[in-house]
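1. Next input, structure requested:
(chains A and B, ligands or ions: 2)
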Amino acid sequence: MIGLFDQLRELWDERRRVGLVALGVLWGSLGLTLLVTFGLEFRSATSATMIRVGDDLLRFYAGATTRPFAGLPSGRPIRLVPEDGPAVAAAVPEVRGVSVEYSSGPSTPVRRGEIAFDARLVGVEASFGALRVQIPEPFGRFLSETDVVEHRRVAFLGDRIRDQLFGSDPAVGETFDIFGVPFTVVGVLERKITGSSYNGREEDKIVIPATTYRDLTGRRTLSYLVVGLREEDDDARAIDAIYRVLGARHRFDPDDRDALGMTNYVEFERMVGTMVDGNNVLTFLVGVLGLLVSVIGVANVMYVMVEERTREIGVMMALGARPWTIASQRILEGLLVTLAGGVAGLALCEGLFAILDRIPLDPHARAYLGYPRLSWPVALTVVSLLGLTGTLAGWVPARRAASLDPVEALREE
Amino acid sequence: MIELRGIGRDYASGDATVHALSDVDLEIETGEMLTLLGPSGSGKSTLLHLLGCLDRPTHGSYHLLGRDVSRLDRNQLAAVRGEQIGFVFQRFHLMPRSTALENVALPLRFAGVGARERRARAADLLRRVGLEDRRHHRPAELSGGQQQRVAIARALAADPPLILADEPTGNLDSQVGGEIVDLLLELHSEGRTVVVITHDEGLAARTERTVRLLDGRVFADERVAPDNG
Ligand SMILES: Nc1ncnc2c1ncn2[C@@H]1O[C@H](COP(=O)(O)OP(=O)(O)O)[C@@H](O)[C@H]1O
Ligand SMILES: [Mg+2]
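-> Ligands and ions are numbered 1, 2, ... in the order given. You can find the predicted model right below:
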């Protein structure tokens, strides 16, 4: 058996060529690792932004019937009312929480001293805080049950609204006017990046108790009914049940799904998950393909080396080298080159991630990029792929070398 | 030591078959030295390759040291070559990137000898062929005659009983060639069996036995008293 040392020297003799193909493998493994790691990070970052919208949410809104029901004509508008919330919560066991939501266009006049502008006003119940993940900045809170029950004039501000009204001054406990009526700030929404929003961004909204909203605007019908489900898998059954409850209350056919509009975030999350997964499979395949191409480069160079050394291989055979000895040399060579290049690629990858961590990034970009790290499963997958492909890279040249006819190889011409 | 019976070696060449060797019977005693003579294309190298277990005959049987080697597989043939046979080639065939010492030690590597002992034995052999001061030179830094000495040292590395040389002086001038012939005669005199292909009638005259080939057949097999005067 030929020693590792001799193998290394042989590679050293061909360092330029071997270096080039190892560099190719470095690129291949770097590319694969980056693609896979970013893909995985993107997946968890995406579901994190989804969760920031709210877990397992449904949102219902006004619609119109498309078929006659119980003697009532088709085309009848259906509007949700505040009592629909408790009715749904009471009748459907899959529901973990409900909140009514009033939502205005960007036309509500707000004022604080000299500062005056129009903003979006939202009226909700206390349960909205948990359902829609309304996390307050330190020293503040979201609206409470008491706020709602007592029709208090309190407001929970989107962080941009706070910036507009108060600049960098503390806002909690301060007052400002909505429709000329003074409101006290109880909390400010912590900056968050969400994957989706409706009727304007949360950072631009002023949230007040639904009861107060009704007092202020005289409005009764809801913009939305926000429903949180208990179990992700039960959404179809829960939706059927909710339509039955609301159909009975508003007298429409529960199968007439246009009678009330609905946005299904459970479905949305599932779809995005599938898309991201599909995307990850694709990037993985692309990465593996890149690695394969670079390994084919190794195989090719080694094949050329075998061709160039035909006579030397013939001499070794004449001196008693067994075909397997000659072959194993090639396989070892392929493995060494591939692993060296590949592990260098992994190391470079980890270096890049470390740099990326330190780069200040726009929070929106960061929300999707996350903080990618070389994980053990990814590294092990890449290394075993390298081992496998490296062996294959050596295999073809090895077979060629081992099957050389020593007489042919030694031919004097 | 060697017993060839009805040896034939055919090559397919296009549609035709080339009979490189036909009906060769040959016996070589242990310790004999023999020159193979014959015009170009007469089958000398083919015969030497068969003797050296680099190739297998199409017909006939080959017994080496009492063992039928004509039907061994590639791995078994490699083992026989490593243990029993030392080759010397016209073009030396040294490993270009290895030093003289490493070249001589190479067969020992295939025989599984440890690095320290390989080095010691290779150094001894280089001393024997008068090249101890060229140990760390690469082939390109050596003259043709020196390269052939390294090749002979290499052929002796595993201490094989049979030495096969295919026109070992063909690439050397006559004076240097003479020194190589002296070395081969020395190997013979210490009891090894030596077969040398040559075009040099002078060398033939210095060996006790001469086999002449013609068109792949043994044309003459002469034993004479060697003229080493
Ligand atoms: N691989 C081969 N294919 C076809 N013919 C071959 C092959 N090797 C040798 N021969 C033929 O066999 C004959 C003997 O060749 P060789 O033994 O090399 O002769 P020598 O060494 O005496 O010059 C020649 O005619 C040669 O052309
Ligand atoms: Mg010849």
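
2. Quick one: the strands in chain A, in order.
-> Remark: strands assigned in chain A by DSSP state E are A:57-64, A:77-78, A:95-103, A:108-112, A:115-124, A:154-157, A:175-178, A:181-188, A:205-209, A:224-229, A:260-264.

3. thought B:Glu83 was touching B:Ala111?
-> Yes: when contacts are counted by CB atoms under 8 Å, B:Glu83 is listed as touching B:Ala111 (7.3 Å). The C-beta positions use only the backbone N, C-alpha and C, and glycine is treated the same way.

4. which residues do those two both contact?
-> Both B:Glu83 and B:Ala111 are contacted by A:Gly320, B:Ala158, under the criterion CB atoms under 8 Å, 6 or more residues apart in numbering or on different chains.

5. Quick one, which of the strands of chain A gets closest to chain B.
-> Across the strands of chain A, the minimum distance to chain B, taken as CB to the nearest CB, is reached by strand A:260-264, at 68.7 Å.

6. For the closest one, name the packing helices and strands.
-> Helices and strands touching strand A:260-264, by 3 or more CB pairs under 8 Å, 6 or more residues apart in numbering or on different chains; DSSP states H and E, are strand A:57-64, helix A:235-250.

7. quick one: the last one to chain centroid distance?
-> To tie it back to what came earlier, the one meant is helix A:235-250. Centre-to-centre, helix A:235-250 and its host chain are 31 Å apart (CA atoms, centre = their mean, to the nearest Å).

8. With the first one instead?
-> Relative to the chain's own centre, strand A:57-64 is displaced by 26 Å; criterion: CA atoms, centre = their mean.

9. angle of it against helix A:235-250?
-> With axes from the mean of the first three to the mean of the last three CA atoms, to 10 degrees applied, the angle from strand A:57-64 to helix A:235-250 works out at 40 degrees.

10. Now do strand A:57-64 against strand A:95-103, angle only.
-> Between the axes of strand A:57-64 and strand A:95-103, defined by the same axes, to 10 degrees, the angle is 50 degrees.

11. For strand A:57-64, name the packing helices and strands.
-> Helices and strands touching strand A:57-64, as assessed by 3+ CB pairs under 8 Å, 6+ apart, comprise strand A:77-78, strand A:224-229, helix A:235-250, strand A:260-264, helix A:265-308.

12. could those go into CSV alongside mean pLDDT and mean neighbour count?
-> Output for the helices and strands packed on strand A:57-64, formatted as CSV (pLDDT from 0 to 100; neighbours: other CB atoms under 10 Å in any protein chain shown):
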stretch, mean pLDDT, mean neighbour count
strand A:77-78, 96, 16
strand A:224-229, 95, 24
helix A:235-250, 94, 18
strand A:260-264, 94, 18
helix A:265-308, 84, 17
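
13. among those, which is nearest ligand 1?
-> helix A:265-308 (18.2 Å; CB to the nearest ligand atom).

14. related to what we said a few turns ago, reformat the helices and strands packed on strand A:260-264 as JSON lines; add distance to A:Ser384.
-> What follows is the helices and strands packed on strand A:260-264, written out as JSON lines (distance: least, CB to CB, whole Å):
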{"stretch": "strand A:57-64", "distance to A:Ser384": "41"}
{"stretch": "helix A:235-250", "distance to A:Ser384": "39"}
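
15. So which residue is dead centre in chain A?
-> The structure's chain A has its C-alpha centroid closest to A:Thr46; by CA atoms, centre = their mean the separation is 1.9 Å.

16. ah, wrong one, I meant chain B
-> The residue lying closest to the centre of chain B (CA atoms, centre = their mean) is B:Leu164, at 1.5 Å.

17. Is that residue within a helix or a strand, and which one?
-> B:Leu164 belongs to strand B:162-166 when elements are defined using DSSP states H and E.

18. tally of neighbours for the residue of chain B found nearest chain A?
-> Using CB to the nearest CB, B:Gly82 is the residue of chain B that sits closest to chain A, at 2.1 Å. The number of residues packed around B:Gly82, counting by other CB atoms under 10 Å in any protein chain shown, is 24.

19. So A:Arg244 versus chain B, what's the distance?
-> Taking CB to the nearest CB, to the nearest Å as the measure, A:Arg244 falls 80 Å from chain B.

20. next one: A:Ile161
-> Using CB to the nearest CB, one gets 76 Å for the distance from A:Ile161 to chain B.

21. if I pick that residue, what's in contact with it?
-> Contacts of A:Ile161 were listed using CB under 8 Å, 6+ apart, and they are A:Val110, A:Ala119, A:Glu203, A:Asp204, A:Lys205, A:Ile206.

22. redo that, cut-off 6 Å
-> For A:Ile161, the contact set (CB atoms under 6 Å, 6 or more residues apart in numbering or on different chains) comprises A:Ala119, A:Ile206.

23. most residues in a single helix of chain B, which one?
-> Under DSSP state H, the helix in chain B containing the largest number of residues is helix B:174-189.

24. taking the mean pLDDT, what do you get for that helix?
-> Helix B:174-189 shows a mean pLDDT of 93.

25. Name the residues of chain B found near ligand 1, please.
-> B:Tyr11, B:Ser13, B:Val18, B:Ala20, B:Gly38, B:Ser40, B:Gly41, B:Ser42, B:Gly43, B:Lys44, B:Ser45, B:Thr46 (CB under 6 Å from any ligand atom).

26. so what does whatever helix or strand the last one lives in touch, helix or strand wise?
-> It refers to B:Thr46. Under the criterion DSSP H and E, the helix or strand holding B:Thr46 is helix B:44-51. Packing partners of helix B:44-51 (3 or more CB pairs under 6 Å, 6 or more residues apart in numbering or on different chains; DSSP states H and E): strand B:162-166.
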